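Participant: here are the coordinates; sequence isn't available:
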């Protein structure tokens, strides 16, 4: 009888339970990766890089020296790989929305872009004083020409030029699923959502926990699932409008305060909501960046 050598990747029971929960979270990501032809080996290498990146952060948080040995012990990555990969960490997508996304959001939320009945205008003059596409573009980003932003929104199928006016074709900033920017948007949204949940798991003070809740129902008819999906969109539209307006007010206030202070504001936030149903024919045009399964 022969005995198997000890498994270097073996974990104790508490960690095993965490891994079981992680598998649930990883399943949709692996589905997306498989749909884009990413094999396990490529993911494993990227995961090693992420482990090293977060390992450095954890050692710094603990006030410990960041050495190859310390990283290897903490992460389980072999010292040889630590030395080889420590300068190969992948770049992360920008956490802030693109100028095109900010411009589109400003259009559907800014009070100056409302009609007499208080609804966001579908047409704006291409140029001229506010409210116009050009004025919105210059408010959002001073270092990107309005024409460039217009061309980007046209490429995404969100606006169309009609003579001297720009027509908005959607009431939501939704990127085509195959657009590289859609995957980046998904990445930062999901990362912040997961970061909020992880923060709450390690927080023993209820007053310091972040908003991270959901509503669950089962036994619904397909029609009910579609109706609730439409309701979720309507609720989000109201929440989006209010949050953008409130955030802009606070940004203006903080900029004024920072002008006379030595330290500039450093905090950032992200507020989101999601709706999922496992119907095969569900409308998933907001499922940016996820490949459809091949049949």
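Facilitator: Received, thanks. Since the structure is predicted, the reported quantities are computational estimates derived from the model, not experimental observations.

Participant: Give me the pLDDT value at residue 4.
Facilitator: Here, the pLDDT recorded for residue 4 equals 42.

Participant: Same check on residue 79?
Facilitator: Listed pLDDT for residue 79 reads 89.

Participant: for the residue nearest to it when sequence neighbours are not counted, what are its contacts?
Facilitator: Closest residue in space to residue 79, ignoring its immediate chain neighbours: residue 72 at 4.6 Å, by Cβ to Cβ, 6 or more residues apart in numbering. Where you see a C-beta, it was placed from the backbone N, CA and C, and this is true even at glycine. Listed by Cβ atoms under 8 Å, 6 or more residues apart in numbering, the contact set of residue 72 reads 78, 79, 82.

Participant: hmm, 10 Å instead?
Facilitator: By Cβ atoms under 10 Å, 6 or more residues apart in numbering, the residues touching residue 72 are 52, 55, 78, 79, 80, 81, 82, 83.

Participant: Okay, and the second one sits in which element?
Facilitator: Think residue 55. Element membership for residue 55 (DSSP states H and E) is helix 40-62.

Participant: got a list of contacts for that helix?
Facilitator: 26, 29-30, 33-34, 38, 64-68, 70-78, 81-82, 84-86, 88-90, 92.

Participant: Check which residues of it are buried.
Facilitator: 48, 49, 51, 52, 53, 55, 56, 59 (16 or more other Cβ atoms under 10 Å).

Participant: pLDDT (mean, whole number) over the next helix or strand after it?
Facilitator: For helix 40-62, the following helix or strand on the C-terminal side (DSSP H and E) is helix 68-75. For helix 68-75, mean pLDDT is 92.

Participant: How far off centre is the next helix or strand after helix 68-75?
Facilitator: The first helix or strand that comes after helix 68-75 along the chain, using DSSP H and E, is helix 79-85. In terms of Cα atoms, centre = their mean, to the nearest Å, the centre of helix 79-85 is set 30 Å apart from its chain centre.

Participant: Helices along this structure, start to end?
Facilitator: Secondary structure of the chain (DSSP state H): helices at 13-35, 40-62, 68-75, 79-85, 99-109, 133-140, 146-155, 180-201, 222-259.

Participant: Tell me, please, where in the stretch 51-200 of the chain the pLDDT is lower than the cut-off.
Facilitator: By pLDDT under 70, the weakly predicted segments of the stretch 51-200 of the chain are 86-96.

Participant: Let's see that with 90 instead.
Facilitator: 79-102, 105-106, 108-120, 128-131, 139-144, 155-157, 170-189, 191 (pLDDT under 90).

Participant: which residue packs closest to the residue nearest to the spatial centre of the chain, ignoring adjacent ones?
Facilitator: For the chain, the residue nearest the mean C-alpha position is residue 189 (1.7 Å; Cα atoms, centre = their mean). Residue nearest to residue 189 in three dimensions, not counting chain neighbours: residue 272, with 5.9 Å by Cβ to Cβ, 6+ apart.

Participant: burial measure for the one you found, as a count.
Facilitator: By the other Cβ atoms under 10 Å criterion, the neighbourhood of residue 272 contains 14 residues.

Participant: I'd say it and residue 195 touch.
Facilitator: No: with contact defined as Cβ atoms under 10 Å, residue 272 does not count as touching residue 195 (12.0 Å).

Participant: on that earlier part again, right, and the helices of the chain - which one's nearest residue 163?
Facilitator: Ranking the helices of the chain by proximity to residue 163 (Cβ to Cβ) places helix 133-140 first, at 12.7 Å.

Participant: Counting by contacts, list what the closest one packs against.
Facilitator: Helix 133-140 sits against helix 99-109, strand 123-125, helix 146-155, strand 165-168, with contacts defined as 3 or more Cβ pairs under 10 Å, 6 or more residues apart in numbering; DSSP states H and E.
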